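[1] Sequence plus the predicted model coming up.
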Amino acid sequence: VFLVHGSAARMAQYYDLVRVLKGKYRFVAFDAFGCGESPQPYGWDVYSTENHRKDLVAIFKKYADPQGRNILLGHSYGTSQVMHLESLVPDEVRGVVLMGTRCKIPDGKVHPIFNLPLLVLDMLQPSLTLEFNKIAYHPSCPPHIVDLGTKMSNLNRMYMCKAFYNQVQWVDDDLVRAC
């Protein structure tokens, strides 16, 4: 099972799932470039959708079950990534799980907040995280999960977020329909 997190997230969001299902499945989880424990270099192009897709393909090729028993699980923006990957290797994928997805985001329509200078975004980060949590977590979500997500989000560099969100691209409508 390949676990693909959402934008500016971390593989740690899957730790409880892996703990519960350990022994029943083999998991591959990773921090996308710029997220979690992965390198976070300063730069624009390194955080492009194209580069994130190339990284996911390379990880899949390295760790995929050669018998085609691979399941792709994506959350939020990770759903777009797994839909794209599945379109490249359909015979190697047994199933796709999409959690918290959407059909489309308008390419090139970045939220205006990401046009602010980095200094301002850095100062706003804790508030942005709290506002995101209001829409990202159900009210019944255990507090320790929300706290972990808050801690992880606040570790992300805002230059990475700005570069990522200004370049983000969703899979095209045909791939969405195919899944």
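    It's in. Everything numeric here is computed off the predicted structure, so don't read it as measured data.

[2] Buried ones in the top helix by length along the chain, by neighbour count?
    Across the chain, the longest stretch assigned as helix under DSSP state H is helix 118-136. By 16 or more other Cβ atoms under 10 Å, the buried positions in helix 118-136 come out as 121, 125, 128-129, 136. To be clear about C-beta, it is placed using only N, CA and C from the backbone, and glycine gets the same treatment.

[3] and which of those residues is nearest G68?
    Checking the buried residues of helix 118-136 against G68 by Cβ to Cβ gives A136 as the nearest, at 33.2 Å.

[4] didn't the closest one look like it was pressed against T150?
    No: assessed by Cβ atoms under 8 Å, A136 is found out of contact with T150, at 10.0 Å.

[5] about what we covered before: return the list of helices and strands in contact with the longest helix of the chain.
    Using 3 or more Cβ pairs under 8 Å, 6 or more residues apart in numbering; DSSP states H and E, the elements in contact with helix 118-136 are helix 143-155, helix 158-165.

[6] Now render those as TSV, adding mean pLDDT and distance to H84.
    As requested, these are exported to TSV (pLDDT from 0 to 100; distance: least, Cβ to Cβ, whole Å):
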stretch	mean pLDDT	distance to H84
helix 143-155	85	24
helix 158-165	89	16
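
[7] so which of these comes closest to D55?
    For D55, the closest of the helices and strands packed on helix 118-136 is helix 158-165, at 12.9 Å, according to Cβ to Cβ.

[8] Give me the helices and strands touching whichever helix or strand comes after that closest one, please.
    Counting by DSSP states H and E, the next helix or strand C-terminal to helix 158-165 is helix 173-178. Other elements packing on helix 173-178 under the criterion 3+ Cβ pairs under 8 Å, 6+ apart are helix 77-88.

[9] Quick one: mean pLDDT for the helix it packs on?
    Across helix 77-88, pLDDT averages out at 93.

[10] Report all helices and strands that that helix contacts.
    strand 2-4, helix 49-63, strand 70-75, strand 93-99, helix 173-178.
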